[in-house]
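Asks: model the following, please.
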Amino acid sequence: MNPHLLGILSITLSGFFLASNDAVSKWLLSHYPPGQILFLSSLGVAVTAGIVTRTRNRQAIRFNNLPAHVGRGLLF
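Replies: Numbering: from 1, shown residues only. Just a heads-up that it's a prediction; the model follows:
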């Protein structure tokens, strides 16, 4: 597959998943407490990161600039 087409497809899918996540979160907030949704969302991220780490080695989630990541984490 053409790398440019793959990049366009990746960006389009990521936008779709981001919008879907936002819509589902807003819908769930009308039915469940925010703390419960935040906990389950964080749990889902932790489980996904664990699966990726075990199946693709730690190199799959490495980062190159630790101070930038720490600063971004402190801002958000």
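Asks: for stretch 15-35, give the mean pLDDT please.
Replies: For stretch 15-35, mean pLDDT rounds to 92.
Asks: what about it, distance to the chain center?
Replies: Centre-to-centre, stretch 15-35 and its host chain are 14 Å apart (C-alpha atoms, centre = their mean, to the nearest Å).
Asks: in it, what counts as buried?
Replies: For stretch 15-35, a neighbour-count test (16 or more other C-beta atoms under 10 Å) marks nothing as buried. The way it works is simple: take the backbone N, C-alpha and C, and place the C-beta from them, glycine included.
Asks: pull the residues that contact it.
Replies: Taking contacts as C-beta atoms under 8 Å, 6 or more residues apart in numbering, the residues outside stretch 15-35 that touch it are I37, S41.
Asks: can I get that stretch as CSV, trimmed to CA atoms?
Replies: Provided in CSV are the C-alpha atoms of stretch 15-35 (Å, rounded to 0.1, in the frame of the first residue of the first chain):
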residue,chain,number,x,y,z
GLY,A,15,-10.2,11.4,13.9
PHE,A,16,-13.1,9.0,13.7
PHE,A,17,-12.1,7.2,16.8
LEU,A,18,-11.5,10.5,18.7
ALA,A,19,-14.9,11.8,17.8
SER,A,20,-16.5,8.5,18.6
ASN,A,21,-14.8,8.4,22.0
ASP,A,22,-16.0,11.9,22.7
ALA,A,23,-19.6,11.1,21.7
VAL,A,24,-19.7,7.9,23.8
SER,A,25,-18.2,9.6,26.8
LYS,A,26,-20.8,12.4,26.7
TRP,A,27,-23.6,9.9,26.4
LEU,A,28,-22.3,7.8,29.3
LEU,A,29,-21.9,10.9,31.5
SER,A,30,-25.7,11.3,31.4
HIS,A,31,-26.1,7.9,32.9
TYR,A,32,-23.1,7.2,35.1
PRO,A,33,-21.0,9.2,37.6
PRO,A,34,-17.9,10.9,36.1
GLY,A,35,-15.5,9.1,38.4
